[in-house]
Every structure is written in C-alpha cells, then in structure tokens.
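*Asks:* Fold the following and give me the result.
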Amino acid sequence: MKATAKECADLILETTPLVMRSMRTAVAQYVGSGTTLPQFRVLSHLNRGSRCLSDLAARQHVSLATMSKIVTGLVQRGYVKRISEEGDRRYITLRLTLKGQRFFCRAHAHAHRVIVGRIRALSGKERERIVSGLAVIGSVFKENEHLRRDATTARAGRKSK
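*Replies:* Below is the predicted model:
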C-alpha cells in the first residue's frame, strides 16, 4: 500500500498528541503537583546545556514574561540557577543545579520506563517498524529544526542590538 503525503501528515497529526498526552501523564505522575509540564520542558532544555531566557521562551513559544515566571519557580525549588555574564551583568545564563539534574534524570527515566513498558508488548517486527518510521520522521523534521534555530538566533541578535 502506498501512502500519500497527506495520509502521512494526517497520521502524524493524529498520533503525536496521543504520544505526548501519554508522556505528560507519565511525567505528571512522577513529578506530582509541584512541577508543571512547562517547567519540566525547561529542565529538559537546560539538561542539554545552559540557555538564556529568550532562547527558552522561543523554544517554548511563550513570552519572556511567561518564561521568567516558569524559571522563577524552578530557581525557587533549587533546580535552576541564574548566572550573570562577566562582561554584561544584564545577560543572564540559566543552568541546571545538581539537584535539578538529579530530579530531571529521575523523571526522564520514569517516562522512559513507561514507554518501554508499552512498547515491550509489541513484536520485534513491530518495534523495527517503529524505529524505521521514526528515523525517517526525525530526518524530515530535523532539517526544519535547524531552520527554526537559525531564525531564533537571528531574532535574538536583532533584539540585543
């Protein structure tokens, strides 16, 4: 059976929210009511490296004011620290604390266990199809991710001038 581009798009748009809702539920069960999902996503970004507030806001598609509130909650819990740059005290870099790294790693591991539990029930052939299909989807959207990052970087450069 040959699938059209429209059929592929429809399936991605239908399936992605199901996967994300399942992951949100798994993470929420682990993190409890003390940490919001937007905060967890910020922890995920910071787990990959330090970021500035405007970069996080762009990645989450929220305003700087909204991101500032999200980050403030994480700072108050001891998961994130704000670091002023030597040359420009107005420029703040955000970084995970050791406590934040530990918390994120435990919550991420929990979500991973949930996914493994669901996928374990599939046959080896079905798992191979998932890996193959996701590799193709990833390659299609990685190109767009680079374009988005370039645009975000260009916007941040214009704002800082």
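
*Asks:* Please make it C-alpha for all contacts and neighbour counts, starting now.
*Replies:* Will do.

*Asks:* Can you tell me which residue is spatially central in this protein?
*Replies:* Centroid-nearest residue in the chain: Arg41, 4.5 Å away (criterion: Cα atoms, centre = their mean).

*Asks:* and Lys142, how many neighbours does it have?
*Replies:* 12 (other Cα atoms under 10 Å).

*Asks:* An error on my part: the question was meant for Phe141.
*Replies:* Phe141: 11 surrounding residues under other Cα under 10 Å.

*Asks:* residue contacts, the nearest residue to Ser50 once chain neighbours are set aside?
*Replies:* Nearest non-adjacent residue to Ser50, counting by Cα to Cα, 6 or more residues apart in numbering: Arg95, 4.8 Å away. With contact taken as Cα atoms under 8 Å, 6 or more residues apart in numbering, Arg95 is in contact with Leu46, Gly49, Ser50, Arg51, Val80, Lys81, Arg82, Ile83.

*Asks:* got it, and Thr93?
*Replies:* Applying Cα under 8 Å, 6+ apart, the residues contacting Thr93 are Ser50, Arg51, Cys52, Leu53, Arg82, Ile83, Ser84, Glu85.

*Asks:* switch to 7 Å and redo it
*Replies:* Neighbouring residues of Thr93 by Cα atoms under 7 Å, 6 or more residues apart in numbering: Ser50, Arg51, Cys52, Arg82, Ile83, Ser84.

*Asks:* What are the phi and psi values at Ile92?
*Replies:* phi -110, psi 130 (degrees, to the nearest 10).
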